[in-house]
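Undergrad: sequence and computational prediction follow.
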Amino acid sequence: MIKLKDIGSVKMSEKKWLSHISPEIIIENKNRVCAYLVALEGWRRGLTLTWYSKKVKSNKIHAPGRYFSLSNERKIHYFYKSKGDLTNINAQRITGRKHLTKEVLSEAGVSVPKGKVFKKEAPDLEVISYANNLGYPLVLKPTNGFQGIGVFANLKNEQELKGALEHLRNDMGYKEVIIEQFIDGVEYRIFVIGEKVIGAIEKIPPMIVGDGTSTVKQLIRQKNKEKKKNPHLFKKPIKIDYEVENCVKEAGYNLDSVLKPGKELLVRKKNSLSSGGDPVDATDLISESTIETSIKALNAIPNLSLGGLDVMVDKNTGEAYIIEINAIPMIGSHLFPEIGIARDVPSAIIDYYFPETKDQPRVNDNVYFDLNNALQPLHSKIASEITMQSIPAWDNFSQMKFIIKGKVQGVGFRRWARRKALENNLFGYAKNKQDGSVEVIVSGEYSDIDKFKQLCLTGPIKASVTEVIDNNWNGPVKVGFEIKESKKRTKPKKKIDTNIVEKSKNNTNNKSKKAPSLKSKIKRRIKRLIKK
């Protein structure tokens, strides 16, 4: 098992993430990451991408950006987030109910933790009585929870169970619950497609490491600050709640305690990434028996093409237990692990649904599209579906960064650059720099870029260009051309002259009366006019 101090020692420059899925792409499309990444992979392979304005049946919400199709001249497949149409509604229904999943897996001979479902009508005493007979430690969780919400793991006695049960049912509103055996071991999220494991991550529970000076609360804040650097984890901080406070208390500390240097403190018992845990790639570390159990579990659910499996491997026996299966799995943790190699899950999904494109190279790894802009007609309900323009296939692709100097700000240079770039089939952006120059990034055919550079030497009518500096550039490029706003300059705070402050105080103290207000001046003026 990986220790947290190992995670903290890995620098951003050392993380082995995929070069064609850069963090800025994820951050720009953060609300629809799974759907976007699968769609982007298909689009980059030359497949036709269409987005639909369709309400999600479970809650009837207008949710553009989640439902889309990919097609070629031979076939079409429909997707909802990471789930394709080869997974049917019955498979989704089974995996959506944890107790149904356990029943199906048990019948197929797959190991699952012992446990029982309690309907909302079941009194707490009945739940506690069953738990005492089953034996501690135990896990308490809702039947229809997701992303680890409402899961209380490693409950060691009746008192802990009572507190967690009251919080789950009364405070969180989950009336129907599951009590099950706690497996002491290492938990993995394993992504399986068909007969193959694509990726496995070890879930490190939310933990902090003492430095000898910071309090528990401060260490949690520092950890959350580090999480913001990961495009998958930046919206998954450690929130201080009932579970965190109780876990810290059980360890003999409180939120104001200062931990010794190197002291590791578990702040949650469950290995939930959504609640502040850390993903570590373990694809090459899991055993063959764990791989076989995972594949067997996926195939035990009829018409389930792919899934994210939560697997607990007993630390004593090595036996793998399936905790649950998600038919619409989140894939970000496999792409942005804190330690280890990223696994290209979107490519694996497209390989499965469009095997004829498996050996076909992507048209361009650097080009991507802004989903928010693409979906505007769907959001406003001007259109019911949008088909994306095919990705350009350049013969001699190049990217350049130009720094244009001279009188180039306040003369419409960026708007002019946008028009000329699009006229020459170039993508990129233009923005003003604080030194008075304009930065322009362009991508496209080398000959078109060279033509654009010659135009920049002159610029618009009101401009006066003195120099154009060019450099090669290899960052991601968004389809279209964007005018970016430059960061506002922060004005330095003026130094206060203490002598002036003292004189001002003295002058204020010497005044016996306050200066007359404008209202009183007007009244006096009116009185004088009346007397006259």
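TA: Ah, there it is.
Undergrad: domain map for the chain?
TA: Residue ranges for each domain of the chain read 14-82+343-387, 114-182, 206-276, 397-484, 498-531, as given by automatic domain parsing.
Undergrad: run the chain-centre distance for the longest one.
TA: In terms of Cα atoms, centre = their mean, to the nearest Å, the centre of domain 14-82+343-387 is found 15 Å from the chain centre.
Undergrad: tell me the mean pLDDT for it?
TA: Averaging pLDDT along domain 14-82+343-387 gives 88.
Undergrad: if we can go back for a sec, any chance of the domains of the chain in JSON lines, plus mean neighbour count and distance to residue 320?
TA: Placement of C-beta: from N, CA and C, glycine included. What follows is these, written out as JSON lines (neighbours: other Cβ atoms under 10 Å; distance: least, Cβ to Cβ, whole Å):
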{"stretch": "domain 14-82+343-387", "mean neighbour count": "17", "distance to residue 320": "19"}
{"stretch": "domain 114-182", "mean neighbour count": "17", "distance to residue 320": "14"}
{"stretch": "domain 206-276", "mean neighbour count": "17", "distance to residue 320": "15"}
{"stretch": "domain 397-484", "mean neighbour count": "17", "distance to residue 320": "38"}
{"stretch": "domain 498-531", "mean neighbour count": "9", "distance to residue 320": "71"}
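Undergrad: list just the one of the ones you listed that sits closest to residue 282.
TA: Set against residue 282 and scored by Cβ to Cβ, the domains of the chain come closest in domain 14-82+343-387, at 10.4 Å.
Undergrad: one step back: distance to residue 292 added to the domains of the chain, as TSV?
TA: Listed next are the domains of the chain as TSV, based on distance: least, Cβ to Cβ, whole Å:
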stretch	distance to residue 292
domain 14-82+343-387	19
domain 114-182	22
domain 206-276	22
domain 397-484	39
domain 498-531	76
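Undergrad: out of those domains, which gets nearest to residue 108?
TA: In terms of Cβ to Cβ, the element of these nearest to residue 108 is domain 114-182, at 16.4 Å.
Undergrad: can you map out the helices along the stretch 201-350 of the chain?
TA: Listed in chain order, the helices found in the stretch 201-350 of the chain under DSSP state H, counting those that start in this stretch are 216-227, 242-250, 288-300, 332-335, 345-353.
Undergrad: between those, which gets the lowest average pLDDT?
TA: Among the helices of the stretch 201-350 of the chain, helix 242-250 carries the lowest mean pLDDT, at a mean of 89.
Undergrad: contacts for that one?
TA: Helix 242-250 has contacts (Cβ atoms under 8 Å, 6 or more residues apart in numbering) with 152, 163, 167, 171, 206, 216, 220, 238, 254-255, 257, 265-270, 275.
Undergrad: swap in 6 Å and give it another go.
TA: Applying Cβ atoms under 6 Å, 6 or more residues apart in numbering, the contact partners of helix 242-250 are 167, 216, 267-268.
Undergrad: thinking again about what came up before, looking at the helices of the stretch 201-350 of the chain, which is nearest to residue 319?
TA: Closest to residue 319 of the helices of the stretch 201-350 of the chain, according to Cβ to Cβ: helix 288-300, at 7.8 Å.
Undergrad: show me what counts as buried in that closest one.
TA: The neighbour-count check on helix 288-300 (16 or more other Cβ atoms under 10 Å) flags 290-291, 293-298, 300 as buried.
Undergrad: now residue 393, nearest residue through space, not along the chain?
TA: Leaving aside its chain neighbours, residue 393 sits nearest to residue 363 (5.3 Å; criterion: Cβ to Cβ, 6 or more residues apart in numbering).
Undergrad: and the one you found, what does it touch?
TA: Contact analysis of residue 363 by Cβ under 6 Å, 6+ apart lists 44, 46, 391, 393.
Undergrad: residue 366 is in contact with the first one, correct?
TA: Think residue 44. No - taking contacts as Cβ atoms under 6 Å, residue 44 lies outside contact range of residue 366: 9.6 Å.
Undergrad: could you export the buried residues of helix 288-300 as CSV, including distance to residue 359?
TA: Shown next, in CSV, are these (distance: Cβ to Cβ, whole Å):
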residue, distance to residue 359
290, 30
291, 25
293, 31
294, 27
295, 24
296, 29
297, 30
298, 25
300, 31
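Undergrad: need the phi and psi values for residue 162.
TA: Phi and psi for residue 162, reported as degrees, to the nearest 10, are phi -60, psi -50.
Undergrad: I'd like to know how far the nearest residue to it once chain neighbours are set aside sits from residue 115.
TA: Nearest non-adjacent residue to residue 162, counting by Cβ to Cβ, 6+ apart: residue 128, 6.6 Å away. Residue 128 sits 14 Å away from residue 115, going by Cβ to Cβ, to the nearest Å.
Undergrad: and for residue 97?
TA: For residue 97, the distance to residue 115 equals 13 Å [Cβ to Cβ].
Undergrad: check residue 438 too.
TA: Applying Cβ to Cβ, the value for residue 438 to residue 115 is 64 Å.
Undergrad: what do you get for residue 356?
TA: Residue 356 sits at a distance of 44 Å from residue 115 (criterion: Cβ to Cβ).
Undergrad: closest to residue 15 out of the helices of the stretch 201-350 of the chain?
TA: helix 332-335 (10.9 Å).
Undergrad: what segments of the stretch 401-532 of the chain are helices?
TA: Under DSSP H, counting those that start in this stretch, the stretch 401-532 of the chain gives helices at 413-423, 446-456, 498-510, 518-531.
Undergrad: weakest of the ones you listed in terms of mean pLDDT?
TA: Mean pLDDT is lowest for helix 498-510 out of those, coming in at a mean of 47.
Undergrad: in three-state terms, label residue 189 for me.
TA: strand (DSSP: H, G, I helix; E, B strand; the rest coil).
Undergrad: typed the wrong thing, it's residue 165
TA: helix.
Undergrad: chain neighbours aside, what residue packs nearest to it?
TA: Nearest residue to residue 165 in three dimensions, chain neighbours excluded: residue 124, at 5.7 Å (Cβ to Cβ, 6+ apart).
Undergrad: ok, now how distant is that neighbour from residue 130?
TA: Counting by Cβ to Cβ - residue 124 and residue 130 are separated by 11 Å.
Undergrad: returning to what we had before: nearest to residue 199, out of the domains of the chain?
TA: Residue 199 lies closest to domain 14-82+343-387 among the domains of the chain, at 3.3 Å (Cβ to Cβ).
Undergrad: quick one: terminal-to-terminal distance for stretch 281-289?
TA: 18 Å (Cα to Cα, to the nearest Å).
Undergrad: and residue 447, what does it touch?
TA: With contact set as Cβ under 6 Å, 6+ apart, residue 447 has no partners.
Undergrad: equivalent analysis for residue 108, please.
TA: Residue 108 makes contact with residue 300, according to Cβ under 6 Å, 6+ apart.
Undergrad: now the phi/psi pair for it, please.
TA: phi -90, psi 0.
Undergrad: same check on residue 329?
TA: For residue 329, the backbone dihedrals are phi -80, psi 150 (criterion: degrees, to the nearest 10).
Undergrad: distance of the residue nearest to residue 18 when sequence neighbours are not counted relative to residue 201?
TA: Of all residues not flanking residue 18 in the chain, residue 342 sits nearest, at 4.9 Å (Cβ to Cβ, 6+ apart). Distance, residue 342 to residue 201, by Cβ to Cβ: 10 Å.
Undergrad: looking at those two, which is more packed in?
TA: Higher neighbour count among residue 342 and residue 201: residue 201, with 27 against 19, using other Cβ atoms under 10 Å.
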